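>>> Have a look at this fold, sequence not included:
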């Protein structure tokens, strides 16, 4: 529970890289390729050794014994920590679309994984977790809307889905359906106008036909 004071940005990045891979080891060449891609080989090797040393000392300073395993030219974290990502994995693996699980997701995931860090190597993991979370929330929200639910949790779910995938057709259609059922034409119009403007500006396209038709039906 102690706050971590990372010695360098690369120390923090190396920890994040190894932590995300759990009990899987990573070859040193892969680490150099992903974390020190802008450096020549000799420089990358030196930086890796320095960063590994700094990471080991940082974790040992937090009371972790033998926090890094080095075997067959590969590195692996050897620590036990509780994390939001582990909780998220647990919820997503159960396929139970309950209020408790939806609430846990909205409390854990506020945006993309490592969104504030700009780790190029994390893009694949960001996409994977976004898709898994989105698929879960879409099913949960669809069931709630069908049952005429108007809870604060459903509202949070709708907002989070739009944060994760602001251009997604299914998210937009569900949002239109949700706002339309609330009967607030001003909120619905504002959302649709903002969504349409975002598509036009960022992607150069218009809303899908099914979304436009749903919007017009509710605005009649």
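Nice, I can see it. Computed from a predicted structure; not experimentally measured. Numbering: from 1, shown residues only.

>>> Where does pLDDT dip in the chain?
Where the chain drops to pLDDT under 70, the residues are 1-3, 82, 111-112, 115-116.

>>> Would you tell me which helix is longest in it?
In the chain, assigned by DSSP state H, the helix with the most residues is helix 123-146.

>>> Touching that one from outside, list them.
Residues outside helix 123-146 that contact it (C-beta atoms under 8 Å, 6 or more residues apart in numbering): 20, 88, 91-92, 97, 101-102, 105, 109, 112-115, 151, 154, 157-158, 160-161, 164-165, 168, 170-171, 174, 177-178, 181. For glycine as for every other residue, the C-beta is placed from the backbone atoms N, C-alpha and C.

>>> Run through the helices of the chain in chain order.
Counting by DSSP H, the helices of the chain are 9-20, 28-35, 41-61, 84-94, 99-108, 123-146, 152-164, 169-182, 185-202, 209-219.

>>> Residue 125: neighbouring residues, count only.
16 (other C-beta atoms under 10 Å).

>>> For the closest residue to residue 76 other than its chain neighbours, the count of nearby residues, please.
Sequence neighbours aside, residue 25 is the residue nearest to residue 76 in space, at 3.9 Å (criterion: C-beta to C-beta, 6 or more residues apart in numbering). Counted with other C-beta under 10 Å, the neighbours of residue 25 add up to 16.

>>> For residue 77, see how far away residue 25 is.
9 Å (C-beta to C-beta, to the nearest Å).

>>> Now do the shared contacts for the two.
Joint contacts of residue 25 and residue 77 (C-beta under 8 Å, 6+ apart) are residue 69.

>>> Just to check, residue 167 is in contact with residue 199?
Yes. Taking contacts as C-beta atoms under 8 Å, residue 167 lies within contact range of residue 199: 6.5 Å.

>>> Which one's more surrounded, these two?
A direct count of neighbours by other C-beta under 10 Å for residue 167 and residue 199 places residue 199 higher, at 19 against 13.

>>> For the closest residue to the more buried one other than its chain neighbours, give its distance to residue 6.
Leaving aside its chain neighbours, residue 199 sits nearest to residue 205 (5.3 Å; criterion: C-beta to C-beta, 6+ apart). The spacing between residue 205 and residue 6, counted by C-beta to C-beta, is 42 Å.

>>> So these two - more neighbours on which side?
residue 6 (14 against 10).

>>> Settle this for me: the more buried one is touching residue 61, isn't it.
No. Between residue 6 and residue 61 there is no contact under C-beta under 8 Å: 11.2 Å.

>>> what's the neighbour count on the nearest residue to residue 29 once chain neighbours are set aside?
The shortest distance from residue 29 to any non-neighbouring residue, by C-beta to C-beta, 6+ apart, is to residue 73 (7.8 Å). Neighbourhood size, residue 73 [other C-beta under 10 Å]: 9.

>>> what about residue 139, neighbour count?
13.

>>> ditto for residue 103
Counted with other C-beta under 10 Å, residues neighbouring residue 103 total 15.

>>> Spatially nearest residue to it (excluding sequence neighbours)?
residue 153 (5.9 Å).

>>> is it true that that neighbour touches residue 106?
Yes. With contact defined as C-beta under 8 Å, residue 153 counts as touching residue 106 (7.2 Å).

>>> contacting residues for the closest residue to residue 64 other than its chain neighbours?
Sequence neighbours aside, residue 79 is the residue nearest to residue 64 in space, at 4.9 Å (criterion: C-beta to C-beta, 6+ apart). For residue 79, the contact set (C-beta under 8 Å, 6+ apart) comprises 59, 64, 67.
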